[in-house]
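Participant: No sequence on hand, only this structure:
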Ligand SMILES: N[C@@H](CCC(=O)N[C@@H](CS)C(=O)NCC(=O)O)C(=O)O
């Protein structure tokens, strides 16, 4: 590997998606829109990254975490930029949409994955695919406890499950209404905000989580079609067909 290769560290593939991480999906979709070549590296331990979160990149010996910081790094080092053709109003809309998805809806998704038993069941399966059973018995409760604490500190886990469901359903309703019968959220073609929406909706809709908000997201035909469309656009090699839920 030459020193200029961008190495992109994401959680391993799961649920028919190239990675189980919503921000990893966002980053790879952005890189593909930018036409940037990169080497994917699958790493299940987000603590190895420079911000202790997934994804991160290594670029010529420099390690950068956080999708927005990574995109800024690519702008300064390679001169590539997304959304250059958007108007000031579209840029503002994109910012607001992205913040809602990444700072609020992401908390709802993590809450369903980690706090709710029917979500954690599937997170546990991800561990089981990677490590022997005795190690899963040790690691899974530790990771769950750490993430629950994190979600309490972040705010969402201070609410009852019913309140979180109501918050998440409100986000899903807003997304479905915003998208309407259009193909992309901001403009005629995909933008960075679409990659955020893709990342978070793909894990909600394509994962087997039988949790209230993920189930509700699957009931919105335009959001399901959006995920299919984005997968076809960004990851044509995977095909857009949803996996059988029973097989997940
Ligand atoms: N703002 C960050 C968010 C990254 C993030 O929250 N990653 C999640 C997984 S998708 C993570 O690493 N969670 C584990 C943790 O917080 O310990 C970005 O844009 O990359």
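Facilitator: Now that the structure is in, tell me what you want to look at. Here the structure is a predicted model, which means the values were calculated and not measured.
Participant: Looks like residue 44 contacts residue 11 (just checking).
Facilitator: Yes: using Cβ atoms under 8 Å, residue 44 makes contact with residue 11 at a distance of 6.0 Å. The way it works is simple: take the backbone N, C-alpha and C, and place the C-beta from them, glycine included.
Participant: So which of these two has more stuff around it?
Facilitator: Higher neighbour count among residue 44 and residue 11: residue 11, with 22 against 16, using other Cβ atoms under 10 Å.
Participant: Nearest residue to the more buried one in space, ignoring adjacent ones along the chain?
Facilitator: Here the nearest residue to residue 11 in space, its sequence neighbours aside, is residue 21; by Cβ to Cβ, 6 or more residues apart in numbering that works out to 4.1 Å.
Participant: cool, residue 238 as well?
Facilitator: residue 231 (6.1 Å).
Participant: Let me know how buried the one you found is, in neighbour terms.
Facilitator: As a burial measure, the neighbour count of residue 231 was computed by other Cβ under 10 Å and equals 23.
Participant: which residues touch it?
Facilitator: Listed by Cβ atoms under 8 Å, 6 or more residues apart in numbering, the contact set of residue 231 reads 17, 198, 202, 238-240.
Participant: name the element it belongs to?
Facilitator: Taking DSSP states H and E as the criterion, residue 231 maps to helix 221-234.
Participant: May I see the buried residues of that helix?
Facilitator: The neighbour-count criterion (16 or more other Cβ atoms under 10 Å) identifies 222-224, 226-231, 233-234 as the buried residues of helix 221-234.
Participant: Tell me the pLDDT of residue 248.
Facilitator: We note a pLDDT of 39 for residue 248 in this prediction.
Participant: Distance check, residue 116 against residue 210.
Facilitator: According to Cβ to Cβ, to the nearest Å, residue 116 stands 9 Å off from residue 210.
Participant: Three-state assignment for the residue nearest to residue 158 when sequence neighbours are not counted, please.
Facilitator: Spatially, and ignoring its direct neighbours in sequence, residue 158 is nearest to residue 152 (6.2 Å; Cβ to Cβ, 6+ apart). Per DSSP: H, G, I helix; E, B strand; the rest coil, the local secondary structure of residue 152 is helix.
Participant: Buried by neighbour count: which residues of the strand or helix carrying residue 216 qualify?
Facilitator: Remark: residue 216 resides in helix 212-218, with elements defined by DSSP H and E. Of the residues in helix 212-218, those with enough neighbours to count as buried (16+ other Cβ under 10 Å) are 212-218.
Participant: Which two of these have the greatest separation?
Facilitator: Farthest apart among the buried residues of helix 212-218 by Cβ to Cβ are 212 and 218. That separation is 11.1 Å.
Participant: give the contact list for the residue lying closest to residue 200 once chain neighbours are set aside.
Facilitator: Once its chain neighbours are removed from consideration, residue 200 has its nearest residue in residue 22; the separation is 4.6 Å (Cβ to Cβ, 6+ apart). Residues in contact with residue 22, defined by Cβ under 8 Å, 6+ apart, are 106, 109, 199-200, 202-203.
Participant: So which of those residues belong to helices?
Facilitator: Per DSSP state H, helices hold the following members of the contacts of residue 22: 106, 109, 199-200, 202-203.
Participant: Among the residues you listed, which pair sits farthest apart?
Facilitator: For those, the maximum inter-member distance is 12.7 Å, found between 106 and 202 (Cβ to Cβ).
Participant: quick one, which of these two is more surrounded?
Facilitator: Neighbours per residue, other Cβ under 10 Å: of residue 106 and residue 202, the larger number sits with residue 202, 27 against 20.
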